[in-house]
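Student: Need the 3D shape of this:
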Amino acid sequence: VQLVESGGGLVQPGGSLRLSCAASGFTFSNYAMRWYRQGPGKERELVATINNTGGITNYADSVKGRFTISRDNAENTVYLQMSSLKPADAAVYYCSVVILTITGIRHYWGQGTQVTVSS
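Tutor: This is a model prediction of the structure:
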């Protein structure tokens, strides 16, 4: 399993970014996907979840109405569109997948992409 995030960077408050996570090594269309973030000195926080078909999404209250998670099963990619960004959104953003294997449940993570929100 490999998850590779991209799209992070420096953005001004109120700006937008779109993160991408390219997945491989598993049947992408069978699994829900999640975006997490971890800010400096903070615990990792679940930001958004999307089910395997893309028909069901859920968001943390802190990002509801500003972030949109989506996926393209043909491209094995999950996205996080972020708008109206605030300094509090600055963090390393990770995509993840939980897969049930014969040895048990495994939680896979990408390497993360840094989002900095600053003027």
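Student: and the residue nearest to the spatial centre of the chain, how far is that from Gln2?
Tutor: When the chain is reduced to its mean C-alpha position, the closest residue under CA atoms, centre = their mean turns out to be Trp35, at 2.5 Å. From Trp35 across to Gln2, the span is 17 Å (CB to CB, to the nearest Å). Every C-beta, even on glycine, is put in place using the N, C-alpha and C of the backbone.
Student: just Leu46 next, same as before
Tutor: Counting by CB to CB, the gap between Leu46 and Gln2 amounts to 21 Å.
Student: same thing with Lys64?
Tutor: The gap separating Lys64 from Gln2 is 30 Å, by CB to CB.
Student: quick one on the thing from earlier: what pairs with the residue nearest to the centre of the chain across the strands?
Tutor: Here Trp35 sits in beta bridges with Ala48, Cys95, going by DSSP bridges.
Student: Leu10 too?
Tutor: Applying DSSP bridges, one finds that Leu10 bridges with Thr116.
Student: So what's the residue count around it?
Tutor: Using other CB atoms under 10 Å, Leu10 has 12 neighbouring residues.
Student: Pro87 is in contact with that one, correct?
Tutor: No. In this structure, Leu10 sits apart from Pro87 without contact. The criterion is CB atoms under 8 Å, and the distance is 11.8 Å.
Student: hey, what's in contact with both of those two?
Tutor: Contact with both Leu10 and Pro87 is made by residues Val117, Ser118, according to CB atoms under 8 Å, 6 or more residues apart in numbering.
Student: Poorly predicted segments of this structure, please.
Tutor: Across the chain, no stretch falls below the confidence threshold (pLDDT under 70).
Student: Show me where it has its strands.
Tutor: Under the criterion DSSP state E, strands of the chain are mapped to 2-6, 9-11, 17-24, 33-38, 45-50, 57-59, 67-72, 77-82, 91-101, 104-109, 113-117.
Student: can you pull the buried residues of the longest one?
Tutor: When you say that, I think you mean strand 91-101. Neighbour counts using 16 or more other CB atoms under 10 Å place Ala91, Val92, Tyr93, Tyr94, Cys95, Ser96, Val97 of strand 91-101 among the buried residues.
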